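In: coordinates only, no sequence provided:
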């Protein structure tokens, strides 16, 4: 059966045939691209007019995100920015402490079990001009119900007095990270996991939410609502566990699951830590791939985050670090083991994606890839620097020489750009951060990403960040690193497909590829680039099946 | 000594001897321990000693339990708290690039008490590692967090190299430093000796090792607080461990537990004084008793 979708415009991202007015779909794949009249010559068909006034692009590909993004929606949201839920509901921003409290009062009043804890997420007090949410504020919501507000950074939580009483958090508590009032009593802020773990019951509610079966569905719904048709789970599934593989198969085998998923192998959430053993698991998985569930990449992590002052950065290190900062960030993998670890995956044909926020981490990863290549020359490996936030021009040149890719964390410019300029790195290095233009200039193929749930998934917004480089306070951070709308669209489609080694299947609207489309209400190449993020998304088409935004979630 | 589980954190850069030390602890302990490691691959426990293994938890013939940290500290600490018969001591192996102080933060969870942080250092490579561009700061941080530093593989150094390392340590490390070969350090040095152990088992207790001596300080009545504080502050550098249960004359009804690991001293009130002698047990390098007396 052939369906022809006439559209206002089809933007194919295939330079050989960049634009068209209709696309024909057969058996879930693209049969042809052109005009409706040309496509009719393929024979018996139906015309489906639902996209006649829409703009079709290849389905967007989010090459760095995590399935727990879907799980957080089990819990109420209190973040600083509007955020769309998988069911299409728009959670309005909480712009100050009063709005956070008002949201919590609303949620609390709807709760039926008086002893149940209220756990909320997404709080980002970095924008509250120095004011901190404390127990005294949360006590206005309830004096009896335990309340736990998880911060967006995932490093902090604020709890109320009822919770502290229940959990025994008191003046004599010695756990580091229990913040205090001037008189020595805990003020309700729990910093870092050892302190947050004192509120164990509530901490476990979050752990349960992010691993629930609904998380996988909500994750795909959230993707669909903003135009993604292929999402990744970059290192948060333990694929050595057959049950985890079965769970992924169950959802992706369902025709109504609106996304393809690439799941990376890693040992961050369980499983063997021996890279050779893990590489074998990854290789064995290749035979288990389906049209909607893909394997072949490995996720490694070298350092922490820049905003948390835990990324490994080169001299002159951090700009305005907090008091008692040790001087540089954390290694999550010993640098001297990297070459051996990378080689274990490289030698058997896998693609290594390594989290490198700081430039020192990038350097260690590039050294490791170079060693792996010296011992085992291999073409087209597409090893990818993930986040790639401080990668220098010299490093991009090395990456180009070695055939490496970059996946750049462009959302950081908007969400933390002001902090990077004023606190973490200072103006010069902040201006060069997430430098898409440098990557392109030096010949490195790239994608851009959200790292959901760290920032909200939505590739029009991510593209908007890379194109405009506006911070949350509206300043342009490093105008020289702005890229064009066309370059950004390439990054979120074929660029992402390339680094996942799926560019023969997805990433452009091309004969033979999967019929995966982002369906937009406006043409991103014609709108003012400053409004790119405001283009409404109708939904997606995955394997020829239309999935309107906001439905079924 | 109270019902809290005593926590010892073992840190140190890759290759410093953490695994050797852990294996040694597990094979020689008479105390039932629970050990948290990053993964079992690193500890290579003799198969014959393993009584039961279910992936994340392993029970040994001597009653010790090993758990991996793959599911994080929340899961591991929950597993331990849920044990029907929890061991009295928890030993946590920090990863080779971790700051042991941040691992030790978990020892402040309810039901646990931080006994000490022990950082191993490879005598042969320490000075070079500490100057390494990528990991120098990590190595210094690990040493800075330590209450006790075990300078391991000391047999690989000649006398002038040994002097150089000690010169470097004197300039860069404040913790008490003890030397070892193949991480061979007596358990009493690592964990201390409680007065009840002295009373219960002094007859059959194994010697600490040729280079260490142990002695007690016992007095029938309450002790003078200022005197004890001075005594503990002015101990010679060779004293690596003090443990004790005492009461002070200014608050004689309080039972005070004394822990001194390296130079870090903790005095904690633990219930009411129920009578008996005030006792302090010292472990130090041979010769330090003479200085202390």
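Out: Cool, got the structure. Here the structure is a predicted model, which means the values were calculated and not measured. Numbering: from 1, shown residues only, chains lettered A, B, ... in the order given.

In: tell me which element residue A:417 falls in.
Out: Per DSSP states H and E, residue A:417 falls inside helix A:411-419.

In: contacts for that helix next, please.
Out: Residues external to helix A:411-419 that are found in contact with it (C-beta atoms under 8 Å, 6 or more residues apart in numbering or on different chains): A:126, A:306-307, A:389, A:420, A:424, A:430, A:433-434, A:448-451, A:455, A:461-462, A:465-466, A:469-473, A:475, A:477. For every residue, glycine as well, the C-beta is placed using N, CA and C.

In: which of the residues you listed fall within helices?
Out: Residues of those located in helices (DSSP state H): A:430, A:461, A:462, A:465, A:466.

In: chain B: which of those is nearest?
Out: The closest of the ones in helices among the contacts of helix A:411-419 to chain B turns out to be residue A:430 (C-beta to the nearest C-beta; 23.0 Å).

In: I figured that closest one was touching residue A:421, is that so?
Out: Yes. With contact defined as C-beta atoms under 8 Å, residue A:430 reaches residue A:421; the gap is 4.0 Å.

In: higher neighbour count, the two?
Out: Counting neighbours by other C-beta atoms under 10 Å in any protein chain shown for residue A:430 and for residue A:421 shows that residue A:430 has the greater number, 26 against 22.

In: ok, residue B:89 touching residue B:25?
Out: No. Applying C-beta under 8 Å, one finds residue B:89 not in contact with residue B:25, separated by 9.7 Å.

In: identify the contacts common to those two.
Out: By C-beta under 8 Å, 6+ apart, residue B:89 and residue B:25 have these common neighbours: residue B:33.

In: residue nearest the middle of the chain, spatially speaking?
Out: Since no chain was named, I'll use chain A. By C-alpha atoms, centre = their mean, chain A has its centre lying nearest to residue A:451, at 2.1 Å.

In: actually, chain B is the one I wanted.
Out: Nearest residue to the geometric centre of chain B (C-alpha atoms, centre = their mean): residue B:190, 3.8 Å.

In: hang on, that residue in a helix?
Out: Yes. Assessed by DSSP: H, G, I helix; E, B strand; the rest coil, residue B:190 belongs to a helix.

In: mean confidence (pLDDT) on the lengthiest helix in chain A, please.
Out: When chain A is parsed with DSSP H, its longest helix is helix A:359-375. Taken as a whole, helix A:359-375 has an average pLDDT of 98.

In: what residues sit buried inside the next helix or strand after it?
Out: Using DSSP H and E, the helix or strand that follows helix A:359-375 in sequence is strand A:384-387. Neighbour counts over strand A:384-387 (16 or more other C-beta atoms under 10 Å in any protein chain shown) mark A:384, A:385, A:386, A:387 as buried.

In: the helices in chain B, which residues?
Out: B:18-28, B:72-81, B:100-104, B:126-130, B:136-145, B:159-172, B:187-191, B:195-201, B:225-233, B:288-292.

In: could you export those helices as CSV, including mean pLDDT and distance to chain A?
Out: CSV is the format used below for these (pLDDT from 0 to 100; distance: least, C-beta to the nearest C-beta, whole Å):
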stretch, mean pLDDT, distance to chain A
helix B:18-28, 90, 13
helix B:72-81, 82, 5
helix B:100-104, 93, 8
helix B:126-130, 96, 10
helix B:136-145, 96, 5
helix B:159-172, 96, 14
helix B:187-191, 89, 20
helix B:195-201, 53, 24
helix B:225-233, 89, 20
helix B:288-292, 75, 29
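
In: for residue A:542, find the nearest of these.
Out: With C-beta to C-beta as the criterion, residue A:542 lies closest to helix B:72-81 of the helices of chain B, at 34.1 Å.

In: who are the packing partners of the closest one?
Out: In terms of contacts (3 or more C-beta pairs under 8 Å, 6 or more residues apart in numbering or on different chains; DSSP states H and E), helix B:72-81 is packed against helix A:192-196, helix A:200-210, strand B:65-68.

In: determine the set of other helices and strands touching the longest one.
Out: For helix A:200-210, the contact count by 3+ C-beta pairs under 8 Å, 6+ apart identifies helix A:68-71, strand A:118-123, strand A:147-151, strand A:156-159, helix A:161-167, helix B:72-81 as packing neighbours.

In: determine which of those shows the lowest mean per-residue pLDDT.
Out: helix B:72-81 (a mean of 82).

In: spell out which residues of the stretch 351-500 of chain A are next to chain B.
Out: Residues of the stretch 351-500 of chain A lying close to chain B (C-beta under 8 Å from any C-beta of the partner chain) are A:360, A:364.

In: which residue does the stretch 351-500 of chain A have closest to chain B?
Out: Counting by C-beta to the nearest C-beta, the stretch 351-500 of chain A gets nearest chain B through residue A:364, at 6.4 Å.

In: quick one: residues contacting that residue.
Out: Taking C-beta under 8 Å, 6+ apart, one finds A:302, A:312, A:335, A:338, A:356, B:134 in contact with residue A:364.

In: rerun that using 10 Å as the cut-off
Out: By C-beta atoms under 10 Å, 6 or more residues apart in numbering or on different chains, the contact list for residue A:364 reads A:302-303, A:312, A:331, A:333-336, A:338-339, A:354, A:356, A:358, B:133-134.

In: again, but for residue A:9
Out: Residue A:9 is in contact with A:19, A:20, A:21, A:54, A:55, A:56, A:57, A:520, A:522, A:523, A:525, A:526, counting by C-beta under 10 Å, 6+ apart.

In: tell me the two of those that are most distant?
Out: Within these, A:20 and A:522 form the most distant pair, 17.4 Å apart (C-beta to C-beta).

In: ranges for the strands of the stretch 151-293 of chain B?
Out: For the stretch 151-293 of chain B, the strands defined by DSSP state E, counting those that start in this stretch cover B:176-179, B:212-219, B:239-248, B:251-261, B:264-272, B:278-285.

In: most tightly packed of the ones you listed?
Out: strand B:239-248 (a mean of 24; mean count of other C-beta atoms under 10 Å in any protein chain shown).

In: give me the angle between that one and strand B:264-272.
Out: Orientation check (axes from the mean of the first three to the mean of the last three C-alpha atoms, to 10 degrees): strand B:239-248 against strand B:264-272 gives 30 degrees.

In: any idea of the mean pLDDT in strand B:239-248?
Out: 91.

In: ok, residue A:448 - contacts?
Out: By C-beta under 10 Å, 6+ apart, the neighbours of residue A:448 are A:62-64, A:388, A:406-411, A:434, A:436, A:439, A:459, A:462-463, A:465-467, A:483, A:487-488, A:491-492, A:495-496.
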